[in-house]
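[1] Got a predicted structure plus its sequence, pasted below:
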Amino acid sequence: MNQKLFFTALIVLFVLSGVSHYAHFGTVTEFIISAIAILFVAGFLGKATESVAHYAGQRLGGFLNATFGNAAELIIAIFLVREGLFSMVKASITGSIIGNLLLVLGLSVFLGGLKFKEQRFNVQLASHNSSLMILSVIALAIPAIFISTQHFSTQQSKMLSITIAVILIIAYILWLIFSMVTHKDVLADKEETTPDHGEDPAWSKGISILFLVLATVMTAFVSEWLVGTLHTFTADFGLSEVFVGAFLIAIVGNAAEHSAAVMLAMKNKIGAAVEIAIGSSLQIALFVSPVLILVSTLFGPTMDIVFTPIELTAIAVSVFIAKSISSDGRTNWYEGALLLIVYVILGFSFYLV
Amino acid sequence: MNQKLFFTALIVLFVLSGVSHYAHFGTVTEFIISAIAILFVAGFLGKATESVAHYAGQRLGGFLNATFGNAAELIIAIFLVREGLFSMVKASITGSIIGNLLLVLGLSVFLGGLKFKEQRFNVQLASHNSSLMILSVIALAIPAIFISTQHFSTQQSKMLSITIAVILIIAYILWLIFSMVTHKDVLADKEETTPDHGEDPAWSKGISILFLVLATVMTAFVSEWLVGTLHTFTADFGLSEVFVGAFLIAIVGNAAEHSAAVMLAMKNKIGAAVEIAIGSSLQIALFVSPVLILVSTLFGPTMDIVFTPIELTAIAVSVFIAKSISSDGRTNWYEGALLLIVYVILGFSFYLV
Amino acid sequence: MNQKLFFTALIVLFVLSGVSHYAHFGTVTEFIISAIAILFVAGFLGKATESVAHYAGQRLGGFLNATFGNAAELIIAIFLVREGLFSMVKASITGSIIGNLLLVLGLSVFLGGLKFKEQRFNVQLASHNSSLMILSVIALAIPAIFISTQHFSTQQSKMLSITIAVILIIAYILWLIFSMVTHKDVLADKEETTPDHGEDPAWSKGISILFLVLATVMTAFVSEWLVGTLHTFTADFGLSEVFVGAFLIAIVGNAAEHSAAVMLAMKNKIGAAVEIAIGSSLQIALFVSPVLILVSTLFGPTMDIVFTPIELTAIAVSVFIAKSISSDGRTNWYEGALLLIVYVILGFSFYLV
């Protein structure tokens, strides 16, 4: 998209979203406008992060890119946490993970596969990612299993949640050290991904930092306006908090990754598409979700890390099918179709809940 | 077996089975005769399908072979559905899946492995099949998990069952397109399987079609006679519906695949044996079981897709051990023994239920 | 360690442990002394087994080494069974399996990985082991799932436990035949492991046998003294039987493997370290646990094979992460860190129970 057009749309939508919020246009209108606005502010945040990352040098830049990659989503979720909508937060975490592993990866592999008979990527990366995905499932499932079978007290459950949150953040930091410092060379998918990161940034260093701050503030505002509508919105349409969190919020919050990954796959850069989809879901599981638990302790009652059985089922199922499909480093359209089929099955089941 | 001898046995057993049914020889006698008769009519149906497939050309022929491969089983199950024996139907689906993955595959790998130190097959095929097997487990497990944790209404449960049935059939059709049209060459296990399918058929085109119709009708009759005995038969021997469905019906209905796969394995064509065993279990999960759900809506109350926890455990366990063993494209006698051991453990557990 | 020093420590600690037991030094003192003493008698038992194995020839020797490798643990567990501490026995089995797969393997891979960027081992061995580990999980999980969903009678549950125990022992014997007779060459990690087993033994044949008998008797005595303290010890510190079994007993009982595996990994013999860790956990699951069930029938009520849901979760989780990490035959420090992280999560969860 043309830059000038992008900025015009960004500003118009941001203003429109603010006006509709303060002038009480009605919940449905507010929801729709802020949902579209968030796509643009998230896109702006992404570009600003990339630009700052460029000036920060390779290592710190990679770290910034990896950690702020889901910043928009994290900001939305923080507002949900502040509102005490814990089950919607957890549903949106679930939705982001399965959305990345099934919808984003599925669409990329499917559309890429329609164009190219077989697409290939670095198997080593896939193998490491799959071990990390299994860790995520384990870390999210263990509290649920222990707490459901042992009748832990609230105090014990809180301690377990915070401890696991801290352990996950440590695992995430170690992963960054591993993939960006000690074993950077092993994991690279050289020919495929490098050109994309090598482009010259459009903005100067100062402007980039300014834009990063601005984009973060804008994202925060739009997120708050969006979250403000959800209560009434779910009630009006008879949709469950879980469905709204797991599908609407998750799709809106991840729209930037979606389009980026699909476009890369269509250019036969399936390795980069897989990295975005799986990397983003790992980041949600290993970084966003523990941070939200720690953040919740600042606002009042701690959000526990106990996902519902159907959320855990959805996460585990997505991880296993994604792992099975990505394990050989080759993809084709049917594998993409399988991922999308599992997404539809889960979506329909969540809809009925 | 000599053709003349086969046809004599087929006709004698068919007539005997009919006489024993209408003259009320006693349930045990009727069960035994019709169980033996079904082996022959299923064999006849298989030969007729292959012959028609030969004249239909490669693509349509492959489709016919794949889809009618479990026709005998489907026909038996339709009669069970008409009788409203839903739990026996689901047990027989379970039994067919685990029977193919553990007993057929186990015997083939074990006996083939006693003769040859190591047997190899196309890893790509194994990898694709394992993703499909995981899809089957997911599609069968999700309704059970959602329904057990969410107390769905009968209406919701029916909608979910029919939706998943339709999705599975779509997945199955896409798989046929993938494996027979767009990626036929990738999955072929050239040297191993081709010679078998290349034999000249024994019958002319007209005779083949006539025989296919005849065999289908005969299978339908014997299936009805067999199903008629099961109620009393289970009561007399104190066996549960689940055990009869999962082991007796499943073994009788799959006898043709069993002997074919084992014989191929002993000729060192382990790839073809694996294809029969895994392909047949995929067909049951992705095609036979959804068709039965849709068929049940014609007869009265819809059969839901909710398997019991132990059936799902049995299916999941079989899929994971079969996937683990077949994933490297090499087999040896111990891997066959492991599959058989798991079959015995499951069989004994089902027997105690 | 210097041999003379080792024997002096062994005798001093054995005598001290006996004196503290019979003179009632107090439970905590007795526990600490006998826990240290058991490290030395287990080490002595290991050396004696290896020496006898050397004289027994390669096949019988390999069998002796494999089967007596966990002799110290088996002896401790038999004393726990005699005391009727069934839940502690099962917790210690769980603890040994997860201790080997997560702590021993994790430390070896982590410390080895700090020294060497990437370590490699025979993938074929890893592949076979992973199928066996899945069998272990299946065999331990099936009774729990069937019994919990079907309300089996005590008699049925006993029958199922004994049957599965016998089947597991058969599977274990077949595995020994496979790995030491029919496919010995396929599984060998030639350059890495051979030199270690090829050392000349320090003792003559007669002395070796005498030492094996002596070491077994000493292990039995110290085990009895150790087990005698556990009841009071757990009560004094408010630790659950499960935590003591799964962590204290398991770490003390496996100390010999721990140090051996870590030292091998640091010498870049990661294949041998993986073999010790995974082999030892397989032995516990496929040999030690069924033997304990059969042994329990001699003392009175049969110990059933029904593990608690959290024990099964812990075992399944360990198997899947270990399988995922070892499946590519390469290891690095981060994979070791992941295993240790899962161990810490499980340890903390068990502590809270």
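    Great, that's in hand.
[2] which residues touch whatever residue of chain A ends up closest to chain C?
    Of all residues in chain A, A:F178 sits closest to chain C, at 4.0 Å by Cβ to the nearest Cβ. In this view, the C-beta of every residue, glycine as well, is placed from N, C-alpha and C. For A:F178, the contacting residues are C:N332, C:W333, C:Y334, by Cβ atoms under 8 Å, 6 or more residues apart in numbering or on different chains.
[3] per-residue pLDDT, it?
    With respect to pLDDT, A:F178 scores 87.
[4] re the thing from before, which one of the contacts of A:F178 is nearest C:S148?
    Lowest distance from C:S148 to the contacts of A:F178 (Cβ to Cβ) belongs to C:Y334, with 36.9 Å.
[5] Next, count neighbours for the closest one.
    23 (other Cβ atoms under 10 Å in any protein chain shown).
[6] Do the one helix or strand A:V274 maps to and chain B come into contact?
    Under the criterion of DSSP states H and E, A:V274 resides in helix A:270-283. No: Helix A:270-283 does not reach chain B (Cβ under 8 Å from any Cβ of the partner chain); its nearest approach is 15.0 Å.
[7] Other residues contacting that helix?
    Outside helix A:270-283, the residues that reach it (Cβ under 8 Å, 6+ apart) are A:66-67, A:69-70, A:96-97, A:100-101, A:104-105, A:108-109, A:112, A:119-122, A:125-126, A:129, A:132-133, A:136, A:172, A:175, A:189, A:192-193, A:196, A:254, A:257, A:260-262, A:264-265, A:318, A:322, A:326, A:331.
[8] Show me which residues of the helix or strand that it is followed by are buried.
    Note on helix A:270-283: by DSSP H and E, the next helix or strand toward the C-terminus is helix A:289-299. By neighbour count on 16 or more other Cβ atoms under 10 Å in any protein chain shown, the buried set for helix A:289-299 is A:S289, A:P290, A:V291, A:L292, A:I293, A:V295, A:S296.
[9] List the contacts of helix A:289-299.
    In contact with helix A:289-299 (Cβ under 8 Å, 6+ apart) are residues A:74, A:77-78, A:81-82, A:84, A:86, A:89, A:93, A:140, A:161-162, A:164-166, A:168-169, A:172, A:302-305.
[10] Which strands or helices does whichever strand or helix holds A:V12 pack on?
    A:V12 is part of helix A:3-22 when elements are defined by DSSP H and E. Secondary-structure packing of helix A:3-22 (3 or more Cβ pairs under 8 Å, 6 or more residues apart in numbering or on different chains; DSSP states H and E): helix A:27-55, helix A:205-237.
[11] got the CA positions of that helix in PDB?
    Listed in PDB are the C-alpha atoms of helix A:3-22, where the atom choice follows Å, rounded to 0.1, in the frame of the first residue of the first chain:
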ATOM      1  CA  GLN A   3       2.600   5.200   2.200                       C
ATOM      2  CA  LYS A   4       0.700   8.400   1.900                       C
ATOM      3  CA  LEU A   5      -2.600   6.600   1.500                       C
ATOM      4  CA  PHE A   6      -1.700   4.400   4.600                       C
ATOM      5  CA  PHE A   7      -1.000   7.400   6.800                       C
ATOM      6  CA  THR A   8      -4.200   9.200   5.600                       C
ATOM      7  CA  ALA A   9      -6.300   6.100   6.400                       C
ATOM      8  CA  LEU A  10      -4.500   5.600   9.700                       C
ATOM      9  CA  ILE A  11      -5.300   9.200  10.900                       C
ATOM     10  CA  VAL A  12      -8.900   9.200   9.600                       C
ATOM     11  CA  LEU A  13      -9.700   5.900  11.200                       C
ATOM     12  CA  PHE A  14      -8.000   6.800  14.500                       C
ATOM     13  CA  VAL A  15      -9.900  10.000  14.700                       C
ATOM     14  CA  LEU A  16     -13.200   8.400  13.600                       C
ATOM     15  CA  SER A  17     -12.700   5.700  16.200                       C
ATOM     16  CA  GLY A  18     -12.200   8.300  18.900                       C
ATOM     17  CA  VAL A  19     -15.100  10.300  17.900                       C
ATOM     18  CA  SER A  20     -17.400   7.300  17.700                       C
ATOM     19  CA  HIS A  21     -16.300   6.300  21.200                       C
ATOM     20  CA  TYR A  22     -16.800   9.700  22.900                       C
END
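[12] If you count neighbours, what's buried in it?
    A:A9, A:L10, A:L13, A:F14, A:L16, A:S17, A:G18, A:S20, A:H21.
[13] dump the residue contacts of the fourth one.
    With contacts taken as Cβ under 8 Å, 6+ apart, A:F14 has the following neighbours: A:A37, A:F40, A:V41, A:M218, A:F221, A:V222.
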